[in-house]
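Asker: Pasting the sequence and the predicted coordinates here, then a few questions.
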Amino acid sequence: MIVTEMKPLEAIKSELRSGDKICLVSCNTCARKCETGGMKAMNDLALKLKTEGFSVVGQTLVGMPCGLKQLDEVIIGGNVALVLGCDASIHALKTLYPEIKIVPALNTVGLGSWDEEGHVKLVRKFA
């Protein structure tokens, strides 16, 4: 699995503009296991952005947004996709939606595995 960490809210906000119509796109696989994606993390980030005055117009949960076939059916409402997924998800979204600004909300940290209790362990950190 790919290990991710949430970027600081200020770093995310610095990539957004007041007039942006933001659609959050969240990974429901690796990022969910890291607790940086999935429905809960997506809802939490949407609430924080709305509280800060940003316009969140949609939220989409995707099994594996790194896969082009899974993204093929995703409809992004708005002009910005704020992505709770790894760098592969960012690449896939930019490939399929070149007309939309793609903003990563996560840092891709490395490769990991999880144990029987669901704890994620970093196996190899990316440089």
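Answerer: Structure received.
Asker: For the spatially closest residue to N79 that is not a sequence neighbour, give me its contacts.
Answerer: Closest residue to N79 apart from its sequence neighbours, by Cβ to Cβ, 6 or more residues apart in numbering: K21 at 5.3 Å. Where C-beta positions appear, they are placed from N, C-alpha and C, glycine not excepted. By Cβ atoms under 8 Å, 6 or more residues apart in numbering, the contact set of K21 is 55, 57, 77-80.
Asker: again, only using 7 Å
Answerer: Counting by Cβ atoms under 7 Å, 6 or more residues apart in numbering, K21 touches 55, 57, 78-80.
Asker: which among those end up buried?
Answerer: 78, 80 (16 or more other Cβ atoms under 10 Å).
Asker: Provide the backbone phi and psi angles at V74.
Answerer: Here is the backbone geometry of V74 (degrees, to the nearest 10): phi -80, psi 130.
Asker: Chain neighbours aside, what residue packs nearest to it?
Answerer: That would be T60: by Cβ to Cβ, 6+ apart, it lies 5.5 Å from V74.
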